[in-house]
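Undergrad: Sequence below, structure please.
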Amino acid sequence: MKLRCPGCHEEVEVPEGFRWRPFCSRRCQLADLGAWLDEEYRFSRPLRADDLEDDEYVI
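TA: Just a heads-up that it's a prediction; the model follows:
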């Protein structure tokens, strides 16, 4: 399966059940986690209960 890593934006071929999906590696996964912990990312508005029911965001 091909995926585009949200961290480094590389397109990579990964096997089914790849451990770091949707990232290409542990490094990209940890970099993303660090960005969340450093509050580099934020939600544009408070989440509502119906946001969690929207199938568009289901992985």
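
Undergrad: Give the rounded mean pLDDT of stretch 11-23.
TA: Averaged over stretch 11-23, pLDDT sits at 94.

Undergrad: For it, buried residues please.
TA: 14, 23 (16 or more other Cβ atoms under 10 Å). All C-beta spots, glycine's among them, are computed from the backbone N, C-alpha and C.

Undergrad: which other residues reach that stretch?
TA: 1-7, 24, 26, 28-29, 32, 59 (Cβ atoms under 8 Å, 6 or more residues apart in numbering).

Undergrad: Please tell me which one of those counts the most neighbours.
TA: In terms of neighbours by other Cβ atoms under 10 Å, the contacts of stretch 11-23 top out with residue 24 at 22 neighbours.

Undergrad: That residue: what secondary structure?
TA: Here residue 24 is coil, with the state taken from DSSP: H, G, I helix; E, B strand; the rest coil.

Undergrad: same question, the one 5 residues further on
TA: With three-state DSSP as the basis, the three-state label of residue 29 is helix.
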